[in-house]
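1. what follows is a protein structure lacking sequence information:
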């Protein structure tokens, strides 16, 4: 492209306003990831709740902190000034944001997580940005698929050679126990192998008396969470995006997951636990019905024993290759291109 190309100028000049989180949650981490890797994000409308909240992580951006936690009409009107595109991850928290933005000539994008998608949308965005292939199955048009990228500079590859330490990150537990902590804890006594288990959790849980288990409860930095581990155990029953999966891959940790979409599209069969059954569920009555994969503690234990103390070098290298494919360096231009395309309509 020549410097005078209008597409190039638009890419440089486009101003994105992001309805954002600055707390110790997956959405908070995702917000920081987007802000760190999309310089076109110039303005943030920060929502907050009961969890620890630190707006200072975005010191170099223009920010509006919602006085009551959720966006008010006046705060949204102020926010849409001097931006070209309004973006929100999962929810705008106040659906009037889309109509207010449109009336101001600002394009709107929602990056939904299908499990939290409403039965009826109060106000449609101009575009649904689906960063997970499973979300594409549930979300109506107009939509585009853009794989959630990962920051490889933050999560450097290390070759894992032997499946000795199994790491489980529970976070805040996930809605309806979707991270399968209970099933994992029940599986541990059934594991016959001489291995080590590390469990991180932001919330208390009933652990077990097993010398192989180290349980750590509290809010931990990413560096603390990923300090140890050979295999990352991530047994999601349902859900769209998972930054921990991508972080583990970038770090070279093979992932023991559930044999379901999307995990079975990029993980080898021998690392997946087959569900006992699938069943329809609703997280709330106002949300769409989705499918959950139910796994048994016995099958989890059998899978762990299957790979325990084996050479996992080839899987570690496989994770590295996939992580590079999904890196921000490889995907950033595609993201900017799609957002710019919408802004220029």
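-> Sure thing, it's come through. For clarity, every value in this text was computed on a predicted model and none was experimentally measured.
2. would you map the helices across the stretch 201-345 of the chain?
-> In the stretch 201-345 of the chain, the segments counted as helices under DSSP state H, counting those that start in this stretch are 222-225, 243-250, 297-307, 313-325, 328-343.
3. remind me what the second one packs against, helices and strands.
-> Using 3 or more C-beta pairs under 8 Å, 6 or more residues apart in numbering; DSSP states H and E as the contact criterion, the elements in contact with helix 243-250 are helix 26-37, strand 231-233, strand 255-258, helix 313-325. C-betas here are computed from N, CA, C, even on glycine.
4. looking at the ones you listed, which one has the lowest mean pLDDT?
-> With a mean of 91, helix 26-37 has the lowest mean pLDDT of the helices and strands packed on helix 243-250.
5. what's that helix in contact with?
-> Here helix 26-37 makes contact (C-beta atoms under 8 Å, 6 or more residues apart in numbering) with 18, 20-22, 41, 44, 51, 57-58, 61, 89-90, 148-151, 171, 222, 241, 243, 328, 332.
6. go on, stretch 313-331?
-> Taking C-beta under 8 Å, 6+ apart as the rule, stretch 313-331 contacts 37, 146-152, 155, 157, 159-161, 246, 248-255, 266, 268, 271.
7. which among those residues count as buried?
-> 37, 146-152, 155, 157, 160, 246, 248-255, 266, 271 (16 or more other C-beta atoms under 10 Å).
8. what number of residues are in the vicinity of the closest residue to residue 277 other than its chain neighbours?
-> Excluding the flanking residues, the one nearest residue 277 by C-beta to C-beta, 6 or more residues apart in numbering is residue 294, at 5.2 Å. Neighbour count of residue 294, defined by other C-beta atoms under 10 Å: 15.
9. quick one: pLDDT of residue 294?
-> 95.
10. just the one 10 residues further on next, same as before
-> Taken from the predicted model, the pLDDT recorded for residue 304 is 98.
11. kindly report the same for residue 222.
-> pLDDT at residue 222 comes out at 89.
12. what's the closest non-adjacent residue to it?
-> Per C-beta to C-beta, 6+ apart, closest to residue 222 is residue 247, 7.2 Å.
13. contacting residues for that neighbour?
-> Residue 247 touches 150, 155, 222, 226, counting by C-beta under 8 Å, 6+ apart.
14. give me the lowest-pLDDT entry from those residues.
-> Out of those, that is residue 222, at 89.
15. how near is it to residue 153?
-> Residue 222 sits 13 Å away from residue 153, going by C-beta to C-beta, to the nearest Å.
16. can you report how many residues lie near the closest residue to residue 95 other than its chain neighbours?
-> Leaving aside its sequence neighbours, residue 95 sits nearest to residue 122 (C-beta to C-beta, 6+ apart; 3.8 Å). Residues near residue 122, counting by other C-beta under 10 Å, number 11.
17. now do the buried residues in stretch 158-178.
-> 160, 163-171, 173-174, 178.
18. can you list these in a markdown table and add distance to residue 284?
-> Shown next, in a markdown table, are these (distance: C-beta to C-beta, whole Å):
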| residue | distance to residue 284 |
| --- | --- |
| 160 | 39 |
| 163 | 38 |
| 164 | 41 |
| 165 | 37 |
| 166 | 33 |
| 167 | 31 |
| 168 | 27 |
| 169 | 25 |
| 170 | 22 |
| 171 | 20 |
| 173 | 16 |
| 174 | 15 |
| 178 | 14 |
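19. now do the contacts for residue 249.
-> So residue 249 contacts 150, 255, 319, 320, 322, 323, 326 (C-beta under 8 Å, 6+ apart).
20. neighbour-wise, which one of the residues you listed leads?
-> Busiest of the contacts of residue 249 [other C-beta under 10 Å] is residue 319, holding 28 neighbours.
21. now it: how far from residue 251?
-> 8 Å.
22. just after the helix or strand bottoming out on mean pLDDT in the chain, pick out the following helix or strand.
-> The helix or strand of the chain with the poorest confidence is helix 6-13; it has a mean of 48 (mean pLDDT, DSSP states H and E). Downstream of helix 6-13, the next assigned helix or strand under DSSP states H and E is strand 16-21.
23. direction included, what does that next one pair against?
-> Taking DSSP bridges as the criterion, strand 16-21 forms sheet pairs with strand 41-47 (parallel), strand 85-89 (parallel).
24. what does the last one rub up against?
-> By that I understand strand 85-89. So strand 85-89 is contacted by 14-21, 27, 30-31, 34, 41, 79-80, 97-98, 101, 106-111, 113, 125, 129, 339, 342-343 (C-beta under 8 Å, 6+ apart).
25. so what's residue 107 bridging to?
-> Here residue 107, judged by DSSP bridges, has bridge partners residue 85.
26. can you verify my assumption that it contacts residue 341?
-> No. Contact criterion C-beta atoms under 8 Å: residue 107 and residue 341 do not qualify, at 10.0 Å.
27. tell me which of those two has more neighbours.
-> Just comparing residue 107 and residue 341: by other C-beta under 10 Å the higher neighbour count belongs to residue 107, 23 against 14.
28. can you say which of the contacts of strand 85-89 are buried?
-> 14, 16-21, 27, 30-31, 34, 41, 79-80, 97-98, 101, 106-111, 113, 125, 129, 339, 342-343.
29. could you check the pLDDT of residue 131?
-> 93.
30. can you name the residues that contact the closest residue to it other than its chain neighbours?
-> Spatial nearest neighbour of residue 131, excluding adjacent residues (C-beta to C-beta, 6+ apart): residue 148 at 3.9 Å. The contact partners of residue 148, taken as C-beta under 8 Å, 6+ apart, are 30, 131, 132, 241, 243, 246, 326.
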